[in-house]
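[1] For reference, the sequence and a predicted model appear below.
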Amino acid sequence: MDYNKIVSVSGMSGLFELVSSKSDGAVVRSIEDNTTKFVSTRQHNFSHLESIEVFTVKDNTNLSELFEAMKKSSEKVPDSKADNKALKSYFEKVYPDLDFERVYASDMKKMVKWFHILTENKIEIKSKQSEEGTEAVSPDTTAIPKPVRKETTHVKPQKAAPRKIESRGVK
């Protein structure tokens, strides 16, 4: 299983492998229990893990770089159900550039949970830079279709202005 096929689906717990995409949704397979299901884009949004960025005090960083730092660290990775202070102290040691004012404890719990899922299933975490370097070397890479994602906006719909109807006399 490739890291670039892994997606997070809003409203659903865990990580999924993108099996195929359609215009109205995608077929995904759960990494944890291997169940396959169709997920509609009308109700859910898809986020490829390779495209997720994390707030830092400098420039935003890709999630894969944070996972690499977690993998290389000698610190024990806490459980995803650990308290907020334990998670914050762990990430302060592993990735001190994280912007803790904009990265919430719930985000850190999700990152730890995803890291556990990826390591338990022996999925190799690749950053975009390393993939770009390998794509130039290997021409056999297949393009993975990304599902259609409907962007949601938080703007109140406005009522349409009433139309003026002209009456034309019948002759």
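    Cool, the structure landed.

[2] Every contact and neighbour count from this point should use C-alpha atoms.
    Will do.

[3] List the residues that contact residue 27.
    Shown in contact with residue 27 (CA atoms under 8 Å, 6 or more residues apart in numbering): 18-21, 36-39.

[4] now the residue most central in space within the chain, what's its secondary structure?
    For the chain, the residue sitting closest to the mean C-alpha position, by CA atoms, centre = their mean, is residue 47 at 3.5 Å. Three-state assignment for residue 47 (DSSP: H, G, I helix; E, B strand; the rest coil): strand.

[5] Pretty sure it sits against residue 9.
    Yes - using CA atoms under 8 Å, residue 47 makes contact with residue 9 at a distance of 6.5 Å.

[6] Contact partners for the nearest residue in space to residue 124 that is not next to it in sequence?
    Leaving aside its sequence neighbours, residue 124 sits nearest to residue 3 (CA to CA, 6 or more residues apart in numbering; 6.4 Å). The neighbours of residue 3, taking CA under 8 Å, 6+ apart as the test, are 49-50, 123-126.

[7] looking at the chain, which helix or strand does the model trust least?
    Least confident helix or strand of the chain, by mean pLDDT, DSSP states H and E, is helix 128-137 with a mean of 49.
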